[in-house]
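Student: Here is a sequence together with a model predicted from it:
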Number of protein chains: 2
Amino acid sequence: MSESLRIVPLGGLGEFGMNLMVYRWGAESLVVDAGMMFPGEEHLGVDVVIPDLSCLESCGTLHGVVLTHGHEDHVGALPYVLREIGMPPVIYGGMLTVGMVRSKLDEHKLGDAPLQDIAAGEVVKAGPFEIETIHLSHSIPDARGVLLTTELGTMLMTGDYKFDQTPVDGRPADISRLAEVGRDGLLLLCGDSTNADRPGIAPSESSVGPALLETFASCEGRIVVTSFASNIHRVQQVIDAAVELDRRVALVGRSMRKNFNIASNLGIANAPSGLFIQPREIESFPDEKVVVVSTGSQGEPLSALRRMANNDHRDVELHSGDTVVFSATPVPGNERAVNETIDRIHEIGASVVTAKDAPIHASGHGWQEELKLMLNLTKPRFVMPVHGDHQRLRLHASLAHAVGIDPENVFQGRNGLPLEVDANGARFGEDIHAGVIFVDGVNVGEPDDVALRDRREISADGIFIVVATISSEDGAIVADPEVLFRGVAFLEEADALVEDLKDTIEDSLEDAAAAGTRELHLIQEDLHDAVAGLVYEKLRRRPMIIPVVVEV
Amino acid sequence: MSESLRIVPLGGLGEFGMNLMVYRWGAESLVVDAGMMFPGEEHLGVDVVIPDLSCLESCGTLHGVVLTHGHEDHVGALPYVLREIGMPPVIYGGMLTVGMVRSKLDEHKLGDAPLQDIAAGEVVKAGPFEIETIHLSHSIPDARGVLLTTELGTMLMTGDYKFDQTPVDGRPADISRLAEVGRDGLLLLCGDSTNADRPGIAPSESSVGPALLETFASCEGRIVVTSFASNIHRVQQVIDAAVELDRRVALVGRSMRKNFNIASNLGIANAPSGLFIQPREIESFPDEKVVVVSTGSQGEPLSALRRMANNDHRDVELHSGDTVVFSATPVPGNERAVNETIDRIHEIGASVVTAKDAPIHASGHGWQEELKLMLNLTKPRFVMPVHGDHQRLRLHASLAHAVGIDPENVFQGRNGLPLEVDANGARFGEDIHAGVIFVDGVNVGEPDDVALRDRREISADGIFIVVATISSEDGAIVADPEVLFRGVAFLEEADALVEDLKDTIEDSLEDAAAAGTRELHLIQEDLHDAVAGLVYEKLRRRPMIIPVVVEV
């Protein structure tokens, strides 16, 4: 046991999001990334989805957490991990990652978390693990691959990456170090699969700047650009284009302002003094002199751009002549929200430019040729694709076959299925059935939350509440029954139904009294069935029925 | 008034779906199409969305309904129209349209509807309107444009169309008649805008057959094909390919079987005898000898394919070696459901082929060159684009400008905005603010349904029900208060909260009694606020609170 590695993916293998990997050596463990995912619309009232953390409790001593970069799908579950599992001795990340996570943890009143900036190439020890990070490119600065070494060998978790040869900050991925890792012998590669379906090479982030400039130059009125707030180099390129065209810039949306501030304080972003104007000043500047940089590229309901599209933003009223530039593409699942936002803007009469119209977006995830390059550089003995739905994991596995890795050494995993590696080889272990956890407000809930089931039932057909008051002596009715309902369609009919229901309730109670039934739960059950029957007969719907019988 | 036309779009201008146009001449009117739309996920519990029909009641004498083709977004609201507005004297459509609609109306117990098959080119009178239909191509047989003539001139509502030069049934769109209409002078063109954003010409439906055959030929195991059940020519081509490869065919899913039967009885589709096998026989045939044709191309939750992907179909258990062929693309808004279905299939280990991998789908809506061809053929004086979101309507309008139609004569409309045409020209009239109606079970509701608001509130944070029993004499508490909740997350904490809430309830009731408050609604209001306050303090959530005070 102590001579074997156990790599347990708790999230990110089967979905885009909630990336979290546990690397275990005997009774000691290390976590790489702790990401969250936004819920689907079927998860009524749920704010955030994170991996089920219960297995972490049995994963022995946790020596630390390493964060590859600052995106929510890699760091968003950290507050919940810290609260559920307790503080690890150390949390490592790049400079910007640490800056963004610190701000996030402060909001969660976890300001005492042991965050520590680690330079690429620096080697630190955490229990039996030697940790080194490797500089890579992604759609946020300071993205790192994580190299973990134990007695058995070295593993590389790439995090999200691309091989951008002309990144905006002039610092391409450290190919040289990756090649060295390959020469020294890599035991296991866990690589990003997000774009495993795209042939070729992702365009460089720096190709976006000239396209933005060209797009802006053809706009006569106001320009509103939306992109991910964490894509600092993108925002920087928007700013540069605005400066070139002599327009002032307003950052709109909380995360846009916050991330730019953090990056700016770290020297990662910069703007000439006097460039920025406040959101409330936008309407008082001439249209052709303004670029608004806004959150909302994913059509998020409360985002600044969605509000503008709904004519509901405090500072910006969109109008004909404005151009809204989407310097982003919809994350899978967000297509509908994004399309709705775009069509609202068209309805207002403003123009829209998307990545379909001009090359104003570049993905932060490498395409097929880049995944193959990573495989060929690092020459891993074993491969387990991560970060993707089942389709992408499978495609990434076939890329590994294509570059000559023995299919027996390529493991197409899933969440909760541990990969066990020892001196004899690698194989899948026993499935621990990792689930997901719904975060609702400040609390963390169970996967098959009964609350969610109730919400679904009520949200389909509504709820009837029936209150009956009977004598504790003989079960006789001592007050008129009350019938209330909420979320029931077609109130007129429902109103008329209430009188019928009261008769039914009285009949049911009288029957129970006559039969000598005195157990409250039996009376309530009868009441439930009588009411449900009549409601279905009249409305052809099955709302939730809640009977309350009070004895006085 | 009597010398002017009023064209009122009630749906389809600003969305894909619920197409319904009212053509009015003085106090007499005609309806073309009556479509529905599937609800967004925010419309909790709503089954179907249809246009608000209230304006139809003030639209004078309804002389008839003309249906362009049998798709749900053109005929799906018909049962509700008939029930709300009453039976019109006649409902016209092509042979297949009438066949499909008759089956639908039978299910709604509206079998006495005056459906009438009208041949393309046949001219009939309905009040002041002369009606003729023109044969066009679409992704369902028997698609027609509708020509309406009044004293003032002729209008053409295209319905959905493409100019397929090699349709599967060998009957291309009647370009000759369209040209004649153009020569005679067309007053108004209302044209399909669905693909106004796609440059070029849509591929022919008959190009799909060879691609399906090639795809099937490379499959070694079982083949499951999904497409729209109403796309009879597509299903025919799947059948032809199966025959060619000596495979048997099973039609799976209610609408797949129903539509094929209707088309087959009308001679529009055919299969060699002995080709079909029953769904329950599928598992007993060798994999390489079967093609399953299934509903579910849009990832619909209860469809046959979605059930297969979830390992939950009675007759088909997907496994590695199976190939699922998506001979359809996601309708905007369905991307997430389709992607989820595809990834489930990958998780099972079966293969997936989509229209991205091979040319196995062709849109039924013409692309830009076809829309321009329609404009040039019919030479309309006025143009109002229909069938599309605001973006497509706008693009269609610019195509009209591009072919030389005076921009002043091109009207970019929206639902509820009537276009008024008389001898002096055309202009928008007063907005009647057309809304939508949610259909929930068998009933038809109001646009801003309070039930929907309640459902949203409850589905976000759940519901607390508080029952207090007090003396009618002095307001004293006569039974322990009851606290129930449903859909509230984190039951453990909620359970602990109940005791605290009971104390709060008793305090509130005692305060009311001491203050001499005897009005039930005031006592309930106080109770509501006290409970809501404590719940928020403890859970940081705002569930719905329903206080019930019973006097005995």
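Tutor: Nice, thanks for sending it over.
Student: lowest-confidence helix or strand of chain A?
Tutor: Least confident helix or strand, chain A: strand A:443-444 with a mean of 54, by mean pLDDT, DSSP states H and E.
Student: now the angle between helix B:450-461 and the helix or strand just after that strand, please.
Tutor: The C-terminal neighbour of strand A:443-444 among helices and strands, as given by DSSP states H and E, is helix A:450-461. Put simply, helix A:450-461 runs at 170 degrees to helix B:450-461, going by axes from the mean of the first three to the mean of the last three C-alpha atoms, to 10 degrees.
Student: list the helices and strands helix A:450-461 packs on?
Tutor: Applying 3 or more C-beta pairs under 8 Å, 6 or more residues apart in numbering or on different chains; DSSP states H and E, one finds that helix A:450-461 contacts strand A:544-551, helix B:450-461, strand B:477-486. Bear in mind the C-beta positions are built from the backbone N, C-alpha and C, glycine included.
Student: and the second one, what's its mean pLDDT?
Tutor: To tie it back to what came earlier, the one meant is helix B:450-461. Confidence for helix B:450-461, expressed as mean pLDDT, is 76.
Student: does chain A sit close to the helix or strand just after it?
Tutor: Beyond helix B:450-461 in the direction of the C-terminus, DSSP H and E gives the next helix or strand as strand B:463-470. Yes - contact between strand B:463-470 and chain A, assessed by C-beta under 8 Å from any C-beta of the partner chain, occurs at B:463, B:465, B:467, B:469.
Student: Give me the buried positions along strand B:463-470.
Tutor: B:463, B:464, B:465, B:466, B:467, B:468, B:469, B:470 (16 or more other C-beta atoms under 10 Å in any protein chain shown).
Student: how about JSON lines for those residues, with distance to residue B:514 added?
Tutor: JSON lines is the format used below for these (distance: C-beta to C-beta, whole Å):
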{"residue": "B:463", "distance to residue B:514": "29"}
{"residue": "B:464", "distance to residue B:514": "25"}
{"residue": "B:465", "distance to residue B:514": "25"}
{"residue": "B:466", "distance to residue B:514": "20"}
{"residue": "B:467", "distance to residue B:514": "21"}
{"residue": "B:468", "distance to residue B:514": "15"}
{"residue": "B:469", "distance to residue B:514": "18"}
{"residue": "B:470", "distance to residue B:514": "13"}
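Student: farthest pair in the residues you listed?
Tutor: Of all pairs drawn from the buried residues of strand B:463-470, the greatest distance, 22.4 Å, lies between B:463 and B:470 (C-beta to C-beta).
Student: Can you tell me the closest non-neighbouring residue to residue A:214?
Tutor: residue A:358 (7.2 Å; C-beta to C-beta, 6 or more residues apart in numbering or on different chains).
Student: Oops, could you answer that again for residue A:24 instead?
Tutor: Residue A:24 sits nearest to residue A:6 (C-beta to C-beta, 6+ apart), 4.2 Å away.
Student: try residue A:101
Tutor: Looking at residue A:101 with C-beta to C-beta, 6+ apart, the closest residue is residue A:75, at 5.4 Å.
Student: ok, now residue A:155?
Tutor: Nearest-residue entry for residue A:155: residue A:188, 4.3 Å, with adjacent residues in sequence omitted and distances by C-beta to C-beta, 6+ apart.
Student: Can you say which helix or strand has that neighbour in it?
Tutor: Going by DSSP H and E, residue A:188 is in strand A:186-190.
Student: Can you list the strands that that strand pairs with?
Tutor: Each strand that pairs with strand A:186-190, with its direction, by DSSP bridges: strand A:153-157 (parallel), strand A:380-383 (parallel).
Student: residue furthest from the geometric center of chain A?
Tutor: The outermost residue of chain A, judged against the average C-alpha position, is residue A:514 (58.0 Å), by C-alpha atoms, centre = their mean.
Student: and it, what are its phi and psi?
Tutor: For residue A:514, the backbone dihedrals (degrees, to the nearest 10) come out as phi -60, psi -40.
Student: Let's verify the residue nearest to residue A:214: helix, strand, or coil?
Tutor: Each residue gets one of three states, and residue A:358 gets coil by DSSP: H, G, I helix; E, B strand; the rest coil.
Student: That one and residue A:216 touch, don't they?
Tutor: No - checked against C-beta atoms under 8 Å, the pair residue A:358 and residue A:216 is beyond contact range at 10.4 Å.
Student: And the residue farthest from the centre of chain A, how far from chain B?
Tutor: If you measure residue A:514 against chain B using C-beta to the nearest C-beta, to the nearest Å, the figure is 21 Å.
Student: In the stretch 451-552 of chain A, where is pLDDT below threshold?
Tutor: A:489-495 (pLDDT under 70).
Student: 90 instead, please
Tutor: When the per-residue scores of the stretch 451-552 of chain A are filtered using pLDDT under 90, the ranges that remain are A:451-466, A:468, A:471-480, A:482-501, A:512-526, A:531-552.
Student: Fine by me, we can end here.
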